[in-house]
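S.K.: I'll drop the sequence and a predicted model, then ask my questions.
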Amino acid sequence: MILEALSAALLGLALAWAAAHRLPHRLPAPLLVLPTGVAGALFGAFVTHTALGAGGFVLVLLGSATLSAASLSLLLRPAGRLRRSSSAA
């Protein structure tokens, strides 16, 4: 279980680092992005390990990557400015 948690944390950190460097204009500061990726991955590993048991190391890592990516996607901001109509409908 320790190996699963360590692997999930490293996977979440790698996903968050890649997202922070790939989309810096759409994400907040890396001080928020990196812990969010790690926390999402650890929570995903916990949920997957609880659901499947101790047998599937690869499946636990897949679940942790999925939840890490989902939590990172919640931090994304819109790419452009929102357009508002000046006329009242």
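M.R.: Good, I have the coordinates.
S.K.: and the nearest residue to residue 77 once chain neighbours are set aside, which of the three is it?
M.R.: Using CB to CB, 6 or more residues apart in numbering and skipping the chain neighbours, the partner closest in space to residue 77 is residue 26 (5.2 Å). Backbone N, C-alpha and C define where each C-beta goes, glycine included. Following DSSP: H, G, I helix; E, B strand; the rest coil, residue 26 is assigned to coil.
S.K.: what residues are up against residue 26?
M.R.: Contacts for residue 26 were tallied using CB atoms under 8 Å, 6 or more residues apart in numbering; they are 76-79.
S.K.: Of these - the most surrounded one?
M.R.: residue 76 (12 neighbours; other CB atoms under 10 Å).
S.K.: my read: it touches residue 28, true?
M.R.: No: checked against CB atoms under 8 Å, the pair residue 76 and residue 28 is beyond contact range at 9.6 Å.
S.K.: so residue 39 touches residue 13, yeah?
M.R.: No: Residue 39 is beyond contact range of residue 13, at 10.5 Å (criterion: CB under 8 Å).
S.K.: Need the residues touching each of those two.
M.R.: Common neighbours of residue 39 and residue 13 are not found (criterion: CB under 8 Å, 6+ apart).
S.K.: I am finished for the moment; much appreciated.
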